[in-house]
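# Below is the sequence, then the predicted model.
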Amino acid sequence: AQSVTQPDIHITVSEGASLELRCNYSYGATPYLFWYVQSPGQGLQLLLKYFSGDTLVQGIKGFEAEFKRSQSSFNLRKPSVHWSDAAEYFCAVGLMDSNYQLIWGAGTKLIIKP
Amino acid sequence: DGGITQSPKYLFRKEGQNVTLSCEQNLNHDAMYWYRQDPGQGLRLIYYSQIVNDFQKGDIAEGYSVSREKKESFPLTVTSAQKNPTAFYLCASSAGFRQPQHFGDGTRLSIL
């Protein structure tokens, strides 16, 4: 069965340091991929998406993600985090033969140290 | 501004009671979704609808019901058959296949 794994439940990063959040998927073909961010008690906001083409995609708030087909990964990165980046981050995968559904990772909570 | 409105923000249910969560969108999106979010479990799909007057069960539909009589509206009823309804409920919509989902701000349901 298809699945999405975010291996890190929590990550703590110092303000100004770089960030990488991991996302791996299990699917035979190339999926389409999303990263979302959720602040406490809020809905989810789309950070970026990958459908095809350039494997390095730029998103909002200074985030980027790289699709690596050989590793079935779509890791999210930011060169320098700000305290306002503290939130929960979700990776989601859409299947080319699906009927609009997405498969969601369990999320990674980002904690920023001052 | 276009978006998704969920109401109420907080809702309390008594034993044996059905409650309805509202979701309205003005994005002109065809597809709408309901998710349940529990701590540490990510999002689980309850129901989704690709078009008016049609909807499909998701992974955890038992104890829930929906309707899609208008393109803009996709209300979710949590019935008394749902024995553990305490959760954060999120409504989303998308323009179509392979399009991102846009989310409302959620409704937190608790049991009295």
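Arrived safely. Numbering: from 1, shown residues only, chains lettered A, B, ... in the order given.
# Can you name the residues of chain A sitting close to chain B?
Residues of chain A lying close to chain B by CB under 8 Å from any CB of the partner chain are A:9, A:32, A:34, A:36, A:41-46, A:49, A:51, A:90, A:92, A:94, A:99-102, A:104-107. (Glycine included, C-beta is placed from N, CA and C.)
# Could I get the buried residue list for stretch B:52-68?
Neighbour-count burial for stretch B:52-68 flags B:Phe55, B:Gly58, B:Ala61, B:Tyr64, B:Ser65, B:Val66, B:Arg68 (criterion: 16 or more other CB atoms under 10 Å in any protein chain shown).
# distance between stretch A:35-54 and the chain's centre?
How far stretch A:35-54 lies from its chain's middle: 7 Å, per CA atoms, centre = their mean, to the nearest Å.
# Low-confidence regions, chain A specifically.
By pLDDT under 70, the weakly predicted segments of chain A are A:98-99.
# measure stretch A:100-111 end to end?
Start-to-end span of stretch A:100-111 (CA to CA, to the nearest Å) is 32 Å.
# Would you reformat the buried residues of stretch B:52-68 as JSON lines and include distance to A:Ala17?
Below are those laid out as JSON lines (distance: CB to CB, whole Å):
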{"residue": "B:Phe55", "distance to A:Ala17": "45"}
{"residue": "B:Gly58", "distance to A:Ala17": "38"}
{"residue": "B:Ala61", "distance to A:Ala17": "43"}
{"residue": "B:Tyr64", "distance to A:Ala17": "42"}
{"residue": "B:Ser65", "distance to A:Ala17": "47"}
{"residue": "B:Val66", "distance to A:Ala17": "44"}
{"residue": "B:Arg68", "distance to A:Ala17": "46"}
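# Which member of those is positioned nearest chain A?
Nearest to chain A among the buried residues of stretch B:52-68: B:Gly58, at 7.5 Å, using CB to the nearest CB.
# residues contacting the closest one?
By CB atoms under 8 Å, 6 or more residues apart in numbering or on different chains, the contact list for B:Gly58 reads A:Gln101, B:Tyr33, B:Trp34, B:Arg44, B:Leu45, B:Ile46, B:Tyr47, B:Tyr48.
# Closest to the centroid, which residue in chain B?
Centroid-nearest residue in chain B, with CA atoms, centre = their mean: B:Trp34, separated by 3.0 Å.
# Quick check: which element contains that residue?
In the assignment (DSSP states H and E), B:Trp34 maps to strand B:31-37.
# Which neighbouring elements make contact with that strand?
Packing partners of strand B:31-37 (3 or more CB pairs under 8 Å, 6 or more residues apart in numbering or on different chains; DSSP states H and E): strand B:19-25, strand B:43-51, strand B:87-94.
# tell me the most buried of those strands?
The highest mean neighbour count among the helices and strands packed on strand B:31-37, using mean count of other CB atoms under 10 Å in any protein chain shown, belongs to strand B:87-94: a mean of 24.
# what's the following helix or strand past that strand in contact with?
Moving toward the C-terminus from strand B:87-94, the next helix or strand (DSSP H and E) is strand B:102-103. Outside strand B:102-103, the residues that touch it by CB under 8 Å, 6+ apart are A:36, A:43-46, B:3-4, B:25, B:27, B:29, B:90-94.
# Could you list the paired strands of strand B:102-103 along with their orientation?
strand B:87-94 (antiparallel) (DSSP bridges).
# export the partner strand as CSV, just CAs?
Taking C-alpha atoms only, strand B:87-94 is exported to CSV below (Å, rounded to 0.1, in the frame of the first residue of the first chain):
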residue,chain,number,x,y,z
ALA,B,87,-10.8,15.7,17.5
PHE,B,88,-9.9,18.7,15.3
TYR,B,89,-11.9,18.6,12.0
LEU,B,90,-10.6,20.2,8.9
CYS,B,91,-12.5,20.9,5.7
ALA,B,92,-10.6,21.4,2.4
SER,B,93,-11.4,22.0,-1.3
SER,B,94,-9.5,21.7,-4.5
